[in-house]
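1. have a look; sequence and predicted model below, questions after that.
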Amino acid sequence: MSEIKRVVSIGAHSLDAEVLGGPIMMKYANQGAHCTFIHVTQGRLEDPNATEEAKSKYLQELLDQNKRAAGKLNGDTIWLGYVSSNMPSLEEFSSRMEQYFLEEKVDLVITHWRGSMHPRHINTHDAVTNAVKRLHEKGSSIRLVYGENFEDLVGFVPQAYFKLEQQEVEQWFTGLGEYSVFRGEINDFPYKDYYSTIGKVRQIESNNDGFTVAYMYASLIENNLW
């Protein structure tokens, strides 16, 4: 793992990047890698009667949660500036990612698998995958894997397993817990129960002796399994 110096995890919404890339990025960060959680969109107040002040406050709360979560996971964070209503074209989005990867000299990218129930997850997958594919065609050795997200499980095949030490499990959940949605304040999906359970399932599958997370290779564009 030590040859990886620049890692990004790209999620369509707040919390996605930390769920997808958090575990493996903590490991790379501990070895000195620069890790960034990228959020494509931020949520917004759907109340048609919400004031501009209320909307601004809500957005700032999300951005603060982004920063606190990234800090707990030994990384930094950026927001691409989009909301659901102004997503760019696939070409624009992909080109922006390709340029970012070049400028930042990214070694490893983590993002959504395409088999998702959510259109913006699919859009993010397509843009990021296209960007990495173009870089491969130009001779880059940048790597891409897909993380496990409960909304992206159609056709998701676990291929690379990473055991987390107990302190890493606690650190990951502490970081995720900075989000009000993870704490159950936005909806009633049992995030902590789900990800605690899937870590035990992946442990059994991989025959590891502790909590385990899984990733899927970008087999359509990778020449080798590494």
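-> In hand now; what should we look at?

2. gap between the helix ranked longest in the chain and the chain center?
-> Secondary structure of the chain per DSSP state H: the longest helix is helix 52-72. Distance of helix 52-72 from its chain centroid, counting by Cα atoms, centre = their mean, to the nearest Å, is 17 Å.

3. what count of nearby residues applies to the residue nearest to Ser141 when sequence neighbours are not counted?
-> Nearest residue to Ser141 in three dimensions, chain neighbours excluded: Asp107, at 7.9 Å (Cβ to Cβ, 6 or more residues apart in numbering). All C-beta spots, glycine's among them, are computed from the backbone N, C-alpha and C. Neighbours of Asp107 under the rule other Cβ atoms under 10 Å: 19.

4. how about Lys163?
-> Close neighbours of Lys163, defined as other Cβ under 10 Å, add up to 17.

5. same deal with Asp209?
-> 8.

6. doesn't Lys163 make contact with it?
-> Yes - with contact defined as Cβ atoms under 8 Å, Asp209 counts as touching Lys163 (7.4 Å).

7. touching both of the two, which residues are there?
-> Common contact partners of Asp209 and Lys163 (Cβ atoms under 8 Å, 6 or more residues apart in numbering): Gln203.

8. give me the buried positions along the longest helix of the chain.
-> 58-59, 62, 65-66, 68-70, 72 (16 or more other Cβ atoms under 10 Å).

9. what's the distance between the residue nearest to Ser141 and Trp113?
-> Using Cβ to Cβ, to the nearest Å, Asp107 is found at 20 Å from Trp113.

10. fine by me, thanks again.
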